[in-house]
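Undergrad: Could you look at this predicted model? Sequence included:
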Amino acid sequence: MEQETHQLPHKTIGVAVIHNKKGEILIDRRLPGGTFGGFWEFPGGKLEKNERIEDCIKREVLEELGLNIEVSAHLITLNHLYTDVELTLIAHHCHYLGGEPQMLESQEICWSKIEHLNQFTFPAANDMIVEAICRANYVF
């Protein structure tokens, strides 16, 4: 008897850890309803075919929040397995260049001090990003 194997879909996600000059990090709250509705997240999204991760991050932040950023140093790459999808998250530090944050694809936007990030509810995959930010204590 052959054993069936079901491979979950895989997505690579570019994640922006956007710092402002006050040392705060931009997070946004997902729209209600969809996957992880109401949870907080770092802006970003799915890497498209033949796209560089830095370009993905810039594109997603502009599409989701209407912000201009400069993608900087790599922070962390991690894999996380949910029941229905496997994610590879690639997070980079980003410089906030300008624009007024807009809630184009979120219900709320917040600039948070690094030490307050643990007060927000993130999807499980983001926990390691929060830990990496706290360890890096990256200041612009």
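TA: Done, it's in.
Undergrad: Which stretches in this protein count as helices?
TA: Using DSSP state H, the helices assigned to the chain run over residues 53-65, 127-136.
Undergrad: I'd assumed residue 117 was in contact with residue 130.
TA: Yes - judged on CB atoms under 8 Å, residue 130 makes contact with residue 117 at a distance of 5.0 Å. (Each C-beta comes from the backbone N, C-alpha and C, glycine too.)
Undergrad: before we move on, the earlier item: of all the helices of the chain, which one comes closest to residue 97?
TA: helix 53-65 (10.1 Å; CB to CB).
Undergrad: Show residues contacting the closest one.
TA: Applying CB atoms under 8 Å, 6 or more residues apart in numbering, the contact partners of helix 53-65 are 12, 14-16, 18, 26, 28, 43-48, 51, 67-69, 71, 90, 92, 94, 99, 101-106, 109.
Undergrad: pLDDT averaged over it - what is it?
TA: Per-residue pLDDT values over helix 53-65 give a mean of 96.
Undergrad: what about it, distance to the chain center?
TA: The chain centre lies 10 Å from the centre of helix 53-65; the measure is CA atoms, centre = their mean, to the nearest Å.
Undergrad: Dump it to CSV, restricted to CA.
TA: Coordinates of each C-alpha in helix 53-65 appear next as CSV, following Å, rounded to 0.1, in the frame of the first residue of the first chain:
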residue,chain,number,x,y,z
ILE,A,53,12.7,40.4,-2.3
GLU,A,54,13.7,44.1,-1.8
ASP,A,55,11.4,45.0,-4.8
CYS,A,56,8.6,42.9,-3.3
ILE,A,57,8.8,44.7,0.0
LYS,A,58,8.8,48.2,-1.6
ARG,A,59,5.9,47.3,-3.8
GLU,A,60,3.8,45.8,-1.1
VAL,A,61,4.3,48.7,1.3
LEU,A,62,3.3,51.1,-1.4
GLU,A,63,0.2,49.1,-2.3
GLU,A,64,-0.9,48.4,1.3
LEU,A,65,0.0,51.7,3.0
